[in-house]
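Participant: Compute the structure for the input listed below.
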Amino acid sequence: MTDNTTNEFKNVAADFRKMQEQFRDPVVIGALLNAVSEERTATNLILKEINAKLERMEARINALETRKTPDDFPIPEVDGDIYDFVKKKGVVCAADVQKKFSYKGKNAASARLNGMFRQGLLEKKQVGKRVFFSAKGDVKK
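Facilitator: Residues are numbered from 1 along each chain as shown. Next comes the predicted model:
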C-alpha cells in the first residue's frame, strides 16, 4: 500500500473507533432514536395524506363508474318528445325546440335542453353565440 492509502485507512479506522465510542454514550443513542422517531412521524403524516387523496380519487372513480346512463331511468313525457325530436334532427338549438313545441320564448326551450344536458341525455356544443344539442343514447320514457 502507498503512504496515501495507508493514511486514508488509518483515518477511516480512527473515525470508526470514534463513532463506536459515541454509540456507547446513551445520550447519543437517545438523540438518534429521537431523530428516527420524528422522521417516522413525518413519514406517517405524508402517507396519511396520500391515502386520503387516493380514497377521494377512488370515490370519484366509483361515482363515475356507477353514474346513471340515459338508459337507466325514465324521463318526463315532454323530455321524451324533445329527445326524440333531437335524435331525429341530429342537432338542434333552443329556437328549433321553441318552434316545434310552441314555447313562447327561447328561454323555456333552452332551460329544458340544458336540464336534459345536465341529466346526461344530451351533448352540448357552443358555436359562437348559439348552443347546439345532440342526443347521447336511447332513454326510457
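Participant: drop to CA atoms for contacts and neighbour counts, all remaining ones
Facilitator: Will do.
Participant: Just the residues contacting stretch 29-39, thanks.
Facilitator: Phe23 (C-alpha atoms under 8 Å, 6 or more residues apart in numbering).
Participant: any idea of the mean pLDDT for that stretch?
Facilitator: For stretch 29-39, the mean pLDDT works out to 93.
Participant: and what of stretch 50-68?
Facilitator: Mean predicted confidence for stretch 50-68 is 83.
Participant: same thing with stretch 99-117?
Facilitator: The model assigns stretch 99-117 a mean pLDDT of 91.
Participant: what does the domain assignment say about the protein?
Facilitator: The chain breaks down by automatic domain parsing into domains covering 3-64, 70-135.
Participant: looking at those, which is buried most?
Facilitator: Of the domains of the chain, the one with the most neighbours on average (mean count of other C-alpha atoms under 10 Å) is domain 70-135, at a mean of 16.
Participant: the helices in the protein, which residues?
Facilitator: 3-23, 26-65, 77-89, 94-101, 106-118 (DSSP state H).
Participant: want to throw those helices into a markdown table with distance to Lys129?
Facilitator: Formatted as a markdown table, these follow (distance: least, C-alpha to C-alpha, whole Å):
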| stretch | distance to Lys129 |
| --- | --- |
| helix 3-23 | 76 |
| helix 26-65 | 31 |
| helix 77-89 | 19 |
| helix 94-101 | 12 |
| helix 106-118 | 13 |
